[in-house]
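Trainee: Starting from these lines, generate the structure:
(one chain, ligands or ions: 1)
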Amino acid sequence: MSPVAAGSGPYNATSPYWLDGAAPLAPELEGSVTADVVVVGAGVCGASVAWALAQAGVQVAWVEARGVSEGASGRNAGFVLQGTCERYSRAVGLMGRERARAVHQASRDNHLAMATVIEELGLECGYMRRGSLQLAGSEQEEGELLESAAMLREDGFSAEVRAGEGLDELYQQAGFRVGVHIADDGELDPARFVRGVAQAAVGRGVRLFERSPVLEIAAPSPGEAYVRTARGEVRAQLVLVCTNAYAGEIIPWYADKVDPVRGQMLATAPAPPMFSSPVYADHGYDYWRQDEAGRVVLGGWRNLDVAGEKGTAEVLHAGIQERMGAFLERFPGMRGVPITHRWSGTMGFSRDGLPIVGAVPGLPGALGAVGFTGHGFGFAWVCGQALVELSLQGTSEIADRFSSRRFVG
Ligand SMILES: Cc1cc2nc3c(=O)[nH]c(=O)nc-3n(C[C@H](O)[C@H](O)[C@H](O)COP(=O)(O)OP(=O)(O)OC[C@H]3O[C@@H](n4cnc5c(N)ncnc54)[C@H](O)[C@@H]3O)c2cc1C
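Mentor: From the prediction side, this is the model:
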């Protein structure tokens, strides 16, 4: 199996379903601009930063290479899950019980903070809090899920086992036997969320520039920052880097710490109501949900070609797309429902699976929050807020938890 360039091969790439008809929000950066802070990257992380800075009355220039949420933030599945992409028992094995619990709690705080801003701004972004369902695809995974559920409950989180008759018939018919329902997970239209926050930030005075790739970042000392684009530049006291998967392209320090990893997605035409919450199967490699309009959005299957699904090219992978379409056929109600959209996006996987927040070695006038490892809607909002706390107060609990210092020396 091999990746197929967008627009060629058996499948044509469309724009991501979430970005259908999305109009530009801002002009390109031209000429010289000054600000207190310059933010680079306009996904969910940059939006969190821009909004928090705007509320604090800081003068912000916000520079995005493409359009707002045209990176991973407008190309994902819109799950707002708790935890990292590892099942809880594996997370505990990797980082220890206390740290795993604290990381898990951080993602719950992230969800709560996003829900609060959705309410405060009245964002119409299809936000629902229907929980999520984790499904086991093998006996080994069943054991892992049950162990994770028990550990989650011991640590004060909710996790309800659904097995045998307790598992929805829909999933039993599709070959699953064990599931775990996490009651307080959520879902949303990720692009409408990020674009809504961006518009609110612009309304509070943030100067947003789209179609303006940053070509150079200089931040030689604290209080001194400069970014340059093809037709403009920003001088500020601080640069905040929110470029996730692309971080290593402009800042070499990130290049061996954040790996760009591709994820495939598709969306169908509206189908009868079937999936009552987001579903995460096969260790989180496969995921799908049905949105308010009845469209099923499905993605993943990256484990079919881990080596091939690397890099930042937003190409379709014919073999994976085919397998995703075939999987839908396992649900009788999905047979014959047309697939209307196929796209891919780029995640930024950190080497230890956790976000990297704070100082950028070699750039004293910069801070960054990157490396969300496939769960940016579980962590990036609070990590963005942590960047702002670090910028304005010099300390942040979340930044300490995910500090970039763990990769230094
Ligand atoms: C297929 C897929 C499915 C996913 N599903 C989920 C999910 O359901 N739930 C979940 O929590 N996470 C999911 N993720 C991951 C999630 O989308 C990301 O973790 C999250 O969007 C990262 O947000 P961000 O703002 O850090 O990065 P991005 O959204 O990628 O934003 C970074 C921005 O920086 C810009 N940029 C890069 N370089 C420059 C430059 N030189 N100058 C200016 N701008 C620049 C980019 O254009 C981009 O817009 C998924 C990702 C993919 C690809």
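Trainee: Report the buried residues of stretch 276-293.
Mentor: 277-281, 283-291 (16 or more other CB atoms under 10 Å). C-beta here means a position set from N, CA and C on the backbone, and glycine is covered the same way.
Trainee: ok, the nearest residue to residue 376 once chain neighbours are set aside - contacts?
Mentor: Leaving aside its sequence neighbours, residue 376 sits nearest to residue 44 (CB to CB, 6 or more residues apart in numbering; 5.6 Å). For residue 44, the contact set (CB atoms under 8 Å, 6 or more residues apart in numbering) comprises 69, 73, 190, 193-194, 376-377, 380-381, 384.
Trainee: swap the cut-off to 10 Å and go again
Mentor: Each residue near residue 44 by CB atoms under 10 Å, 6 or more residues apart in numbering is listed here: 69, 71-74, 76, 110, 114, 190-191, 193-194, 197, 242, 244, 372, 376-377, 379-381, 383-384.
Trainee: Which of those residues are buried, as a ChimeraX select command?
Mentor: To isolate the buried ones among these in ChimeraX, judged by 16+ other CB under 10 Å, type:
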select :69,71,72,73,74,76,110,114,190,191,193,194,197,242,244,372,376,377,379,380,381,383,384
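Trainee: and the ligand, which of the contacts of residue 44 contact it?
Mentor: 71-73, 76, 242, 244, 372, 376-377, 380 (CB under 6 Å from any ligand atom).
Trainee: my guess is residue 349 contacts residue 258, does it?
Mentor: Yes: applying CB atoms under 10 Å, one finds residue 349 in contact with residue 258, separated by 6.9 Å.
Trainee: Pop the domain breakdown of the chain in here.
Mentor: 25-129+186-256+351-409, 132-164+174-183, 258-344 (automatic domain parsing).
Trainee: Distance from the shortest one to the middle of the chain?
Mentor: Going back to what we said before, that points to domain 132-164+174-183. 23 Å (CA atoms, centre = their mean, to the nearest Å).
Trainee: Likewise for the first one?
Mentor: Between the centre of domain 25-129+186-256+351-409 and the centre of its chain there are 10 Å (CA atoms, centre = their mean).
Trainee: Okay, now it: how far is its last residue from its first?
Mentor: Using CA to CA, to the nearest Å, one end of domain 25-129+186-256+351-409 lies 42 Å from the other.
Trainee: And for the shortest one?
Mentor: Domain 132-164+174-183 has an end-to-end distance of 7 Å (criterion: CA to CA).
Trainee: so what's the closest residue to residue 291 other than its chain neighbours up against?
Mentor: Excluding the flanking residues, the one nearest residue 291 by CB to CB, 6+ apart is residue 126, at 5.8 Å. Residues near residue 126 by CB under 10 Å, 6+ apart: 18, 78, 187-190, 192-193, 291-293.
Trainee: Tell me how far residue 288 lies from the ligand.
Mentor: Applying CB to the nearest ligand atom, to the nearest Å, the value for residue 288 to the ligand is 10 Å.
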